[in-house]
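**Q** sequence first, predicted model second:
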Amino acid sequence: MQHHPDSHLLDDWHLYGPINPNIFRLISQLAHSKGMRVNEIEDVIEAALRKKWEELSEVASD
């Protein structure tokens, strides 16, 4: 695997989560204001990341 400039942040992601406080704020709002469960929020995050992966994969194959 190639070195990534954010490898130290990526390696600790599972421990500390995202740096951007807006992500935490949005997750909290979805949970507390909209009643979403953590697994539902994770499904939304996963779907968004998969969509981005597919978009970037399509561009790379063109």
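**A** All right, it came through fine.

**Q** so where do the helices sit in the protein?
**A** 7-16, 21-32, 38-61 (DSSP state H).

**Q** which of the ones you listed sits most buried?
**A** Per-stretch averages of neighbours, counted by mean count of other C-beta atoms under 10 Å, single out helix 21-32 among those, with a mean of 12. The way it works is simple: take the backbone N, C-alpha and C, and place the C-beta from them, glycine included.

**Q** pLDDT on that one, on average?
**A** Mean pLDDT, computed over helix 21-32, is 97.

**Q** repeat that for stretch 45-56.
**A** Per-residue pLDDT over stretch 45-56 has a mean of 97.

**Q** and the contacts of that stretch?
**A** Taking C-beta atoms under 8 Å, 6 or more residues apart in numbering as the criterion, no residue outside stretch 45-56 touches it.

**Q** report the distance from that stretch to the chain centre.
**A** Centroid separation for stretch 45-56 versus its chain: 9 Å, with C-alpha atoms, centre = their mean, to the nearest Å.

**Q** put the alpha carbons of it into PDB.
**A** Output of stretch 45-56 as PDB, limited to C-alpha atoms (Å, rounded to 0.1, in the frame of the first residue of the first chain):
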ATOM      1  CA  ILE A  45     -22.200   7.200   6.200                       C
ATOM      2  CA  GLU A  46     -21.400   3.900   4.500                       C
ATOM      3  CA  ALA A  47     -23.800   4.500   1.600                       C
ATOM      4  CA  ALA A  48     -22.300   8.000   1.000                       C
ATOM      5  CA  LEU A  49     -18.700   6.600   1.100                       C
ATOM      6  CA  ARG A  50     -19.600   3.700  -1.300                       C
ATOM      7  CA  LYS A  51     -21.300   6.200  -3.700                       C
ATOM      8  CA  LYS A  52     -18.100   8.300  -3.700                       C
ATOM      9  CA  TRP A  53     -15.900   5.200  -4.200                       C
ATOM     10  CA  GLU A  54     -18.000   4.200  -7.200                       C
ATOM     11  CA  GLU A  55     -17.900   7.700  -8.700                       C
ATOM     12  CA  LEU A  56     -14.200   7.900  -8.400                       C
END
